[in-house]
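Q: below are the sequence and a predicted model; questions follow.
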Amino acid sequence: MNVNQSIAGVPARSRAVENLVHGRDTTDGAGVRLTRVLTHDLQRRLDPFLMLDAFRNENADDYIGGFPDHPHRGFETVTYMIAGRMRHHDSAGNAGLLEPGGAQWMTAGSGLIHSELPEQQEGLMEGFQLWLNLPAAKKMQAPYYKDFAPAAIPEFTADNGVHVRVIAGASHGVAGAVQRPDTLPLYLDIHLPAGTQFVQPLAAGHNAFVYTYRGAVEVVGTQVVDRTMAILANDGAEAIVLQAEEAARVILVAGQPLNEPIAQYGPFVMNTEAEIRQAMRDYSAGLFSNGPVRKD
């Protein structure tokens, strides 16, 4: 493939694949089977992203328990549904229903307790949860929560039939549902018909990865097959060029690194061990259940 494609008529060199990651099968919540793709050992390399879980289960026994009440502090969670229905409740009294094609953006900030439980007894449950770090100065900000119905996710279809849903950031002049300062995240769901390609500009210095969840794509000669993450090299290239010989679907995620210390203990992500100990004390004291949640 020719890696010198174009963005609005200007030649663009594609970032190459630095490494392929196949993820680790695990269980979380009340026995939900999932694949942990972005694991703890990749947090520095993919700063500001902390975790990516991918789930695709047709057997209800593998997801029916869901994720009962659990706390978070110091980062953001982004849940994006491909198939199935998931109900959210939190300690501030908010509730929402995630449906196929919908997204939920939650800033845990100073602390929040929430649950995510399936609202179905059978059928496919599929989607992703991404953890996005917050800068030290904002880790104790008021929590934030917002659901986005499928129709609220901006999308476009290119002339060659490539369909793009813009969850965060912007793509080819289309602004996403969410814009965030500090980390400037890009989050795209890209559907490529067989024999097509897609070019997405990427900001210099931003860490980026692609995760294929249907079919396979090629990036500078490297095949990225179903259920595989490709970490993109920070090689000075100003774009990513995806080539699909067969029909494929991928998510593309990129963001500006914070370059700050990361201290994590389970659902708490701070900058120091002392802050982690304080988070544990605050949770034990019931302080995560109080206070307003911003909901735009």
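A: Yes, it's here.
Q: how far does stretch 81-100 stretch from one end to the other?
A: Stretch 81-100 has an end-to-end distance of 5 Å (criterion: C-alpha to C-alpha, to the nearest Å).
Q: what of stretch 262-282?
A: 19 Å.
Q: quick check, distance from it to the centre of its chain.
A: 22 Å (C-alpha atoms, centre = their mean, to the nearest Å).
Q: buried ones in it, by neighbour count?
A: Buried residues in stretch 262-282, counted by 16 or more other C-beta atoms under 10 Å: 262-264, 267-271, 275-276, 279, 282. Yep, even glycine has a C-beta here, placed from its N, CA and C like the rest.
Q: for the stretch 51-200 of the chain, just list every one of the strands.
A: Secondary structure of the stretch 51-200 of the chain by DSSP state E, counting those that start in this stretch: the strands cover 67-72, 75-83, 86-90, 95-98, 103-107, 112-118, 125-133, 144-148, 155-157, 163-168, 170-171, 174-175, 186-192, 196-201.
Q: buried ones in the third one?
A: Within strand 86-90, the residues that qualify as buried by neighbour count (16+ other C-beta under 10 Å) are 86, 88-90.
Q: for Val217, name its beta-bridge partners.
A: Following DSSP bridges, Val217 is listed with bridge partners Val224.
Q: just checking, it touches Ala247?
A: No. With contact defined as C-beta atoms under 8 Å, Val217 does not count as touching Ala247 (10.3 Å).
Q: more neighbours: which of these two?
A: Val217 (30 against 15; other C-beta atoms under 10 Å).
Q: which residues of the protein score low on pLDDT?
A: Residues of the chain that meet the criterion pLDDT under 70 lie in 1-11, 289-296.
Q: now do the helices in the stretch 151-296 of the chain.
A: Per DSSP state H, counting those that start in this stretch, the stretch 151-296 of the chain carries helices over the ranges 273-284.
Q: for the residue nearest to Leu50 when sequence neighbours are not counted, which residues are in contact?
A: Among residues not flanking Leu50 along the chain, Trp131 sits closest, at 3.9 Å (C-beta to C-beta, 6 or more residues apart in numbering). Trp131 is in contact with 49-52, 75-78, 269, counting by C-beta atoms under 8 Å, 6 or more residues apart in numbering.
Q: Gly255 too?
A: Contacts of Gly255 by C-beta under 8 Å, 6+ apart are 48-49, 132, 183-186, 206-208.
Q: switch the cut-off to 10 Å
A: Gly255 is in contact with 46-49, 130, 132-133, 168-169, 180, 182-187, 203, 206-208, counting by C-beta atoms under 10 Å, 6 or more residues apart in numbering.
Q: hmm, back to that, next, format the contacts of Trp131 as JSON lines and append distance to Asn94.
A: Shown next, in JSON lines, are those (distance: C-beta to C-beta, whole Å):
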{"residue": "Phe49", "distance to Asn94": "24"}
{"residue": "Leu50", "distance to Asn94": "23"}
{"residue": "Met51", "distance to Asn94": "22"}
{"residue": "Leu52", "distance to Asn94": "24"}
{"residue": "Phe75", "distance to Asn94": "18"}
{"residue": "Glu76", "distance to Asn94": "15"}
{"residue": "Thr77", "distance to Asn94": "13"}
{"residue": "Val78", "distance to Asn94": "16"}
{"residue": "Val269", "distance to Asn94": "21"}
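Q: redo the strands of the stretch 51-200 of the chain as JSON lines? Include distance to Ser14.
A: Formatted as JSON lines, the strands of the stretch 51-200 of the chain follow (distance: least, C-beta to C-beta, whole Å):
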{"stretch": "strand 67-72", "distance to Ser14": "35"}
{"stretch": "strand 75-83", "distance to Ser14": "25"}
{"stretch": "strand 86-90", "distance to Ser14": "35"}
{"stretch": "strand 95-98", "distance to Ser14": "33"}
{"stretch": "strand 103-107", "distance to Ser14": "27"}
{"stretch": "strand 112-118", "distance to Ser14": "36"}
{"stretch": "strand 125-133", "distance to Ser14": "23"}
{"stretch": "strand 144-148", "distance to Ser14": "30"}
{"stretch": "strand 155-157", "distance to Ser14": "21"}
{"stretch": "strand 163-168", "distance to Ser14": "17"}
{"stretch": "strand 170-171", "distance to Ser14": "16"}
{"stretch": "strand 174-175", "distance to Ser14": "21"}
{"stretch": "strand 186-192", "distance to Ser14": "14"}
{"stretch": "strand 196-201", "distance to Ser14": "8"}
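Q: understood, closing this out.
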